[in-house]
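Participant: Give me the fold of what follows.
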Amino acid sequence: MKFYTLFSLFTAMASALPVSDEQPHALEARQSSNRNDLERGSSAACPRVIFIYARATGEPGNMNKGTSAGPAVARVLEAKYRNAVWVQGVGGAYRADLLSNLQPAGASGPAIAEARRLLDLAASKCPSARVVTGGYSQGSAVEAKYRNAVWVQGVGGAYRADLLSNLQAAGASAAAIAEARRLLDLAASKCPSARVVTGGYSQGSAVMAGALGGASQRTKSQVQGVVLFGYTRNAQSGGRVPGFPVERTRVFCRAGDMVCRGSLMVGPAHFGYAGDAAGPAPQFLLQRIGA
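Facilitator: Purely as a prediction, here's the structure:
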């Protein structure tokens with residue numbers, strides 16, 4: 001019976017892995033099954049949000065891509081913060097001509113008036129925005145700081161997303177859980193002011209639940225929310241992450257998904273989380289972030 005269960009799990013995973021039909025994106029990160037923004041990012045340029053995700057059994061890379069749950073959540077978060085900065089050049093009456101340098105103010109009256117008009121426009125159109133001004137180099141530095149307002153990090157390394165690790169007592173190997181916890185700790189030490197959100201799908205949900213449950217209080221306090229899809233420890237843990245606040249947890253278990261009932265029997269319902277990953281899950285995280 002156990003062999004049949006494992007065979008069914010393997011067959012379902014292999015046949016139902018999503019295939020992306022996205023058009024090529026300019027960003028290499030969106031084309032890859034791996035995301036390592038946290039590992040590679042500089043503490044001098046921390047983002048507002050860090051999303052750490054553990055993929056399902058058999059999914060490629062450390063994140064997967066296309067229509068799978070993790071990339072779907074990441075796309076919503078990145079889209080939310082993609083336009084965190086508006087950049088406006090001063091044109092119109094400001095011609096940047098040579099002779100205007102000889103004016104008493106170092107520029108023409110109409111040029112200064114145009115710049116003032118844009119400042120007033122910012123104040124009236126976006127009264128809650130923080131406005132900074134300056135020359136080209138300062139403007140580019142400000143834009144660069146906020147352009148990547150979200151870092152996305154998959155759990156890889158010791159987490160192999162292999163089939164047999166589902167049989168472990170925690171639903172995943174101790175090494176995989178330790179790797180996820182290491183990334184949570186890295187986020188806390190590298191970017192203590194960032195808001196961390198996490199997620200996991202299938203075996204990845206057990207990985208993330210184990211990591212959060214055993215994390216330090218400091219690390220837990222930085223994690224604003226977790227979303228779990230097809231939570232393999234759902235029945236055993238009473239629909240929550242042991243040791244982590246219930247109000248920061250959202251579990252998605254589809255009707256008919258036997259995995260959520262404590263079984264390793266995988267059926268079609270276990271692959272029905274695309275809608276949750278594109279809608280309710282990231283919206284919950286955004287609410288927790290305080291966007």
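
Participant: How are the strands of the stretch 101-250 of the chain distributed by residue range?
Facilitator: Applying DSSP state E, counting those that start in this stretch to the stretch 101-250 of the chain gives strands spanning 150-154, 195-201, 223-229, 249-252.

Participant: Give me the pLDDT value at Val227.
Facilitator: Looking at Val227, its pLDDT stands at 97.

Participant: again with Tyr146
Facilitator: 51.

Participant: go on, Met13?
Facilitator: For Met13, the predicted pLDDT is 47.

Participant: Mean neighbour count and distance to Ala74 added to the strands of the stretch 101-250 of the chain, as JSON lines?
Facilitator: Bear in mind the C-beta positions are built from the backbone N, C-alpha and C, glycine included. Compiled in JSON lines, the strands of the stretch 101-250 of the chain are given as follows (neighbours: other Cβ atoms under 10 Å; distance: least, Cβ to Cβ, whole Å):
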{"stretch": "strand 150-154", "mean neighbour count": "26", "distance to Ala74": "5"}
{"stretch": "strand 195-201", "mean neighbour count": "27", "distance to Ala74": "9"}
{"stretch": "strand 223-229", "mean neighbour count": "27", "distance to Ala74": "11"}
{"stretch": "strand 249-252", "mean neighbour count": "21", "distance to Ala74": "16"}
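
Participant: So for Ala180, which of those sits nearest?
Facilitator: Proximity to Ala180 (Cβ to Cβ) singles out strand 195-201 among the strands of the stretch 101-250 of the chain, at 8.2 Å.

Participant: which neighbours does that closest one have in its sheet, and in what orientation?
Facilitator: Within its sheet, strand 195-201 is paired with strand 49-54 (parallel), strand 223-229 (parallel), according to DSSP bridges.

Participant: What lies in contact with that strand?
Facilitator: Residues from elsewhere that reach strand 195-201 (Cβ atoms under 8 Å, 6 or more residues apart in numbering): 48-56, 59, 68-70, 73, 77, 184, 187-188, 206-209, 212, 222-231, 273, 281, 285, 288-290.

Participant: Mark out where each domain of this structure begins and ends.
Facilitator: Domain ranges of the chain: 2-83+149-289, 99-144, per automatic domain parsing.

Participant: Bridged to the residue nearest to Ala74 when sequence neighbours are not counted, which residues?
Facilitator: Excluding the flanking residues, the one nearest Ala74 by Cβ to Cβ, 6 or more residues apart in numbering is Val152, at 4.6 Å. On the basis of DSSP bridges, Val152 is bridged to Phe51.

Participant: Local confidence estimate at Val152?
Facilitator: Val152 is given a pLDDT of 94.

Participant: how about it, what does it touch?
Facilitator: Ala29, Arg35, Asp37, Phe51, Tyr53, Met63, Ala74, Leu77, Glu78.

Participant: run the last query once more with 10 Å
Facilitator: 29-30, 35-38, 47, 49-53, 63, 70-71, 73-75, 77-78 (Cβ atoms under 10 Å, 6 or more residues apart in numbering).

Participant: List only buried entries from these.
Facilitator: 29-30, 35-38, 47, 49-53, 63, 70-71, 73-75, 77-78 (16 or more other Cβ atoms under 10 Å).

Participant: what about the residue nearest to Ala74, distance to Ala170?
Facilitator: Distance of Val152 to Ala170, computed by Cβ to Cβ, to the nearest Å: 25 Å.

Participant: Could you do Ile289 as well?
Facilitator: Distance of Ile289 to Ala170, given as Cβ to Cβ: 28 Å.

Participant: next one: Ala123
Facilitator: According to Cβ to Cβ, Ala123 and Ala170 sit 54 Å apart.

Participant: Can you pick out the residue with more neighbours from those two?
Facilitator: Counted by other Cβ atoms under 10 Å, Ala123 and Ala170 do not tie: Ala170 has more neighbours, with 18 against 11.

Participant: OK, contacts around that one?
Facilitator: So Ala170 contacts Ala176, Ile177, Ala206, Val207, Ala209, Gly210, Gly213, Gly214, Thr232, Arg233, Gln236 (Cβ under 10 Å, 6+ apart).

Participant: Buried ones among these?
Facilitator: The buried subset of those (16+ other Cβ under 10 Å) comprises Ala176, Ile177, Ala206, Val207, Ala209, Gly210, Gly213, Gly214, Thr232, Arg233.

Participant: just for this protein, where's the confidence low?
Facilitator: 1-31, 83-87, 90, 128-148, 291 (pLDDT under 70).

Participant: now with 90?
Facilitator: Low-confidence segments of the chain (pLDDT under 90): 1-35, 37, 41-48, 56-61, 63-68, 70, 78-149, 264, 290-291.
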